[in-house]
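Novice: sequence and computational prediction follow.
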Amino acid sequence: SLVYPRAWGAAPAPAEVPAWARGRPFITYEPGQTLRNLAVDFLGRDDLDMLSRFPGMQLPSQRKLAIVDMVLGDLARSHRVVTMREHAAGLAGSGVARRAPAFEADAATLFEVVFRTRNLVLLSNTLQLVFCVLAIGTAIALPLAWIVVRSDIRYPRLVSILGVLPLAVPGYVMAYSLIGLSGYYGFANQLFGIRLPRPEGLFGASVALTLYTFPYLFLNIRSALLDLDPGLEECARSLGRSRWNAFRTVVLPHLLPSLLAGWLVVGLYVLGDFGAVALMRYEVFSYAIFTQYSGAFDRIYAAWLSLMLMVVTVVFVLMEARLRGKRYARVAKGTARRAVPVPLGRYRFLAWLFIAVVAAVSLGLPALVLTYWMSMAGTGIDFNEVGQAFLRTAAVAMPAALISTMLALPIVYLTVRFPSPFSSVIERLTYMGYA
């Protein structure tokens, strides 16, 4: 069916729609699909009742069209303004659309593509996002792992589960939850009258990705603390060092390999993430690559952006190998023993407050916001479809986990039991899939 301003009169017969629609801004709506195209923005408050609550619908359609005409007129003074059909036809006739592989470009085009100023902006944005996510994620994961392993906190297994469960909330769902919390129609404003600004850019993308990826760091640090010989720290304490000084000079260096491995995994994930950065409107390499490929007009640029992203990935992998350097091992005799739990004392409340805030933001917030928007839909939940979706997800996840384990074990065994330049190269290559 057609959706268009009432001022256009009655709808034409189906056979007359092509001629009737020529030159008219309109949108189509089909059962089971959402509204398509952006021409809905040309409709006004009197044209479509179902969208009248949106602030952007308060302008009459004629006023919107007048603004578009004015903008197009300004652009026409310095640019050649054509329709999308004319633009596509011109590209097809010039052969631009058929240029696909990166290495088919001539030297001049290659130089212009690689040394664009925008590439430096994308690189800067990408590195800023990676470092922000790593910094915030470490600030969450390191204290949380220490509380679970080294303190006398109650229910450490429960806290460990809470620290891992955010992995079940994908980054783009976390980003959607943060967006659904803010704005005029957001959860916070509708229930509490608090209108939060929409998270976007570097801040929004960093928060969304950190809340999803910090469990990778938590698992690595927790495992390292469990395996660390407590005698090293005890010796440092017996020699007069404070607890903080012993942690900084003895424990932290032994955590460095686990931290670097976690940073590498999280950093490579952030490099390749698209969903969260797209929702947060933050331009990084992955977002630019998708935009270029989906436009299909300049795939040479998209191909070279992909190669640049792979170069950044290789640099990250080499940096991790370089910084990791020497290996650490337990030096005590006999079987490993657990460290004596550190009594939290007056800091117990702060520890539980920290755990509660992390769990509330990483788990409670997405669950609360998504539940609110589901209730606003006004339609019943098809639990049968939900169950089938869960079974389909499990049917994919379980074999994937098994196959990944089978592929990883030989590489791990080769790297640990037969260390050599060849095994190191094989280990480094396993990370390239993140690019």
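Specialist: Great, that's in hand. On a predicted model such as this, the values are computed, not experimentally measured, just so you know.
Novice: in which helix or strand would I find residue 132?
Specialist: Under the criterion of DSSP states H and E, residue 132 resides in helix 117-150.
Novice: which elements pack onto that helix?
Specialist: Counting contacts by 3 or more Cβ pairs under 8 Å, 6 or more residues apart in numbering; DSSP states H and E, helix 117-150 packs against helix 156-164, helix 201-227, helix 252-272, helix 285-295, helix 299-324, helix 348-359. No exception for glycine: its C-beta is placed from N, CA and C like everyone else's.
Novice: let's have the ones you listed in TSV, adding mean pLDDT, mean neighbour count and distance to residue 182.
Specialist: Shown next, in TSV, are those (pLDDT from 0 to 100; neighbours: other Cβ atoms under 10 Å; distance: least, Cβ to Cβ, whole Å):
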stretch	mean pLDDT	mean neighbour count	distance to residue 182
helix 156-164	93	16	25
helix 201-227	92	22	9
helix 252-272	89	20	22
helix 285-295	79	18	21
helix 299-324	81	17	30
helix 348-359	94	15	19
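Novice: so how many other residues sit close to residue 375?
Specialist: Around residue 375 there are 9 other residues, counting by other Cβ atoms under 10 Å.
Novice: middle-most residue in the protein, spatially?
Specialist: Among the residues of the chain, the one closest to the centroid is residue 276, at 3.7 Å (Cα atoms, centre = their mean).
Novice: got the contact list for that one?
Specialist: 171, 172, 174, 175, 205, 208, 209, 212 (Cβ atoms under 8 Å, 6 or more residues apart in numbering).
Novice: of all the helices and strands packed on helix 117-150, which one is nearest residue 392?
Specialist: Shortest distance between residue 392 and the helices and strands packed on helix 117-150, using Cβ to Cβ, is found for helix 201-227: 21.8 Å.
Novice: would you mark the buried spots in the helix or strand just after the closest one?
Specialist: Moving toward the C-terminus from helix 201-227, the next helix or strand (DSSP H and E) is helix 230-238. For helix 230-238, the neighbour count (16 or more other Cβ atoms under 10 Å) marks 230, 232, 233, 236 as buried.
Novice: which strands and helices sit next to helix 230-238?
Specialist: Where contact means 3+ Cβ pairs under 8 Å, 6+ apart, helix 230-238 is packed against helix 243-246.
Novice: now the helix it packs on - C-alpha only, CSV.
Specialist: Below are the C-alpha coordinates for helix 243-246, written out as CSV (Å, rounded to 0.1, in the frame of the first residue of the first chain):
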residue,chain,number,x,y,z
ARG,A,243,50.7,-4.5,50.3
TRP,A,244,50.3,-2.0,47.4
ASN,A,245,54.0,-1.9,46.8
ALA,A,246,54.2,-5.7,46.6
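Novice: which residues touch that helix?
Specialist: For helix 243-246, using Cβ under 8 Å, 6+ apart, the contacting residues are 233, 236, 237, 342.
Novice: now stretch 356-371
Specialist: Contact with stretch 356-371 is made by 140, 144, 162-163, 165-166, 169, 173-174, 176-178, 180-181, 187, 211-212, 214, as judged by Cβ under 8 Å, 6+ apart.
Novice: could you rerun that using 10 Å?
Specialist: With contact meaning Cβ atoms under 10 Å, 6 or more residues apart in numbering, stretch 356-371 is reached by 140-141, 143-144, 159, 161-163, 165-170, 173-182, 186-188, 191, 207, 210-212, 214-215, 218.
Novice: would you mark the buried spots in the helix holding residue 132?
Specialist: Judged by neighbour count using 16+ other Cβ under 10 Å, the buried positions of helix 117-150 are 119, 122-123, 125-126, 129-130, 132-134, 136-138, 140-150.
Novice: now do the same for residue 251: its pLDDT.
Specialist: For residue 251, the pLDDT comes out at 86.
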